[in-house]
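Asks: Provide a 3D model corresponding to the input given below.
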Amino acid sequence: MKRKLEETEILLCRCHSSEHQILVHYDEDDKMIYLSIHLTQRGFWRRLKYGLKYIFGYRCKYGHWDEFIFNEKDVDKLQAMADALKTIKEE
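Replies: As a prediction, this is how the structure comes out:
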């Protein structure tokens, strides 16, 4: 049985860190799916340092990454998201 995508879903990383989460918001009226990805909290001085580097054009050759490990319990949520996107595409 296919699962219907709820208006708001929360995906938590398999590591169970509250800093690794994705909020999925499905807007049925606009036919859009929005993903809000929680960013890692950094202190003021560290953000200032990164901000100054950004202003002066510094770019790390590896980019700035964090990770999210999908939990196997979220398979139905991800499938519902894919099905909703297919429905939007077909309209």
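
Asks: for the rest of this, base every contact and every neighbour count on C-alpha atoms.
Replies: Noted.

Asks: which non-adjacent residue is nearest Lys31?
Replies: On the basis of C-alpha to C-alpha, 6 or more residues apart in numbering, the spatially nearest residue to Lys31 that is not a chain neighbour turns out to be Ile88, at 6.2 Å.

Asks: that's a strand at that neighbour, yeah?
Replies: No - residue state for Ile88 (DSSP: H, G, I helix; E, B strand; the rest coil) corresponds to helix; a strand is not indicated.

Asks: tell me the spacing between it and Gly51.
Replies: 38 Å (C-alpha to C-alpha, to the nearest Å).

Asks: also Glu28?
Replies: In terms of C-alpha to C-alpha, Glu28 sits 37 Å off from Gly51.

Asks: how near is Gly57 to Tyr50?
Replies: Distance from Gly57 to Tyr50, by C-alpha to C-alpha: 11 Å.
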